[in-house]
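In: could you work out the structure for the sequence below:
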Amino acid sequence: MTLPNFFIVGAPKCGTTALYAYLAQHPDVFMSDPKEPHYFGSDLDFRYRRRPSDQQYRSYFAGAGDRRRIGEGSVWYLYSECAADEIGQAVPDARIIVMLRDPVEMIPSLHSQFVYNGHEDLALADALAAEQDRAEGRRIPSHANFPRGLLYRRVATYAPQLARYLDRFGRERVHVILYDDFRADTAGAYRDTLAFLGVDPDHQPDFAVVNASKRSRNMVLRRALNDPPEWLRKAARRVAPQRMRRRLYRSAVNLNTEAAARDALTGEAAERLRGEMEGANRELEVLLGRELPAWIPAEGSAQ
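Out: Numbering: from 1, shown residues only. From the prediction side, this is the model:
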């Protein structure tokens, strides 16, 4: 059994699910199921997600056949402080895809995802205000799967995260996609990604909308699905293989899901966050070698 030779490493809520779906349609590309195995990143302290064993992880790619590119898309690898080195040790010639989004857009989207998953219990403004307390271990929801992910500004401080991958793999093997570009010209961004992976760049997938904003109809049910009682886990393991359990879980989650608009930062709140993130975004501009004018506060705006 083989290992992947490319990784979509994050960031969360930056278009990775859509890119994963589009790449999975390419005849020369094989993408893992599940999308986010999170095998690497031993510092990622998930409460409800179990790291797959080596054999289990390799089994996710058993159907790759002779396809040229084999990939997975674990969105917290970028945030992890050790995933880059761990991937580099296991797959020294791996290709890395990084997707980044304006923090003023990404943070509300990530917050909305955590609310939907049952991992966040504060409104967006309150969650941002609670970050220092949460960094010190306070005000963390008991049902939060990944407490460090609730430090939204840190998640959106991309430059040091990207630097780890550039240092480990070199610029020629790290492909950065800005969500602004991906949204404005999805076909062009997809074509550039295929060229980076060395597969036919003329393939045309179905560019359907993927991972639209949503919410859970019943949060009690959602939290029960996230963390079922141990007796139920054991019974399920006895009667159903992992793939079937995963399909049943997804079906239950989908039945408990409805479309919904997410909280957004606008006006003074958006400009305040933009000002707070300016230093980090300026560092990212230097690292990328391009300006990010839409991410930087307008001259004279509130900060």
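In: for A62, phi and psi?
Out: phi -60, psi -30 (degrees, to the nearest 10).
In: ranges for the strands of the protein?
Out: 6-8, 29-31, 69-72, 95-100, 174-178, 214-216, 257-259 (DSSP state E).
In: what's the most buried one of those strands?
Out: Ranked by mean neighbour count, these are led by strand 6-8 with a mean of 26 (mean count of other CB atoms under 10 Å). No exception for glycine: its C-beta is placed from N, CA and C like everyone else's.
In: name the helices or strands packed onto that one?
Out: helix 16-24, strand 69-72, strand 95-100 (3 or more CB pairs under 8 Å, 6 or more residues apart in numbering; DSSP states H and E).
In: hmm, 10 Å instead?
Out: For strand 6-8, the packing partners by 3 or more CB pairs under 10 Å, 6 or more residues apart in numbering; DSSP states H and E come out as helix 16-24, strand 29-31, strand 69-72, helix 83-90, strand 95-100, strand 174-178, helix 186-197.
In: neighbouring strands - and their directions - for the second one?
Out: This means strand 29-31. strand 69-72 (parallel) (DSSP bridges).
In: what residues does the strand it pairs with touch?
Out: Outside strand 69-72, the residues that touch it by CB atoms under 10 Å, 6 or more residues apart in numbering are 2-9, 19-20, 23-24, 26, 28-40, 57, 60-61, 63-64, 91, 94-95, 97, 194, 196-199.
In: what is the rounded mean pLDDT of it?
Out: Averaged over strand 69-72, pLDDT sits at 98.
In: same check on stretch 87-102?
Out: For stretch 87-102, mean pLDDT is 98.
In: repeat for stretch 207-216
Out: Stretch 207-216 carries an average pLDDT of 66.
In: what is the end-to-end distance of stretch 169-182?
Out: 23 Å (CA to CA, to the nearest Å).
In: which ones are touching D180?
Out: D180 touches L100, R101, D102, E105, A189, L292, A294, W295, counting by CB under 10 Å, 6+ apart.
In: pull out the buried members of the residues you listed.
Out: Buried members of the contacts of D180, counted by 16 or more other CB atoms under 10 Å: L100, R101, D102, E105, A189, W295.
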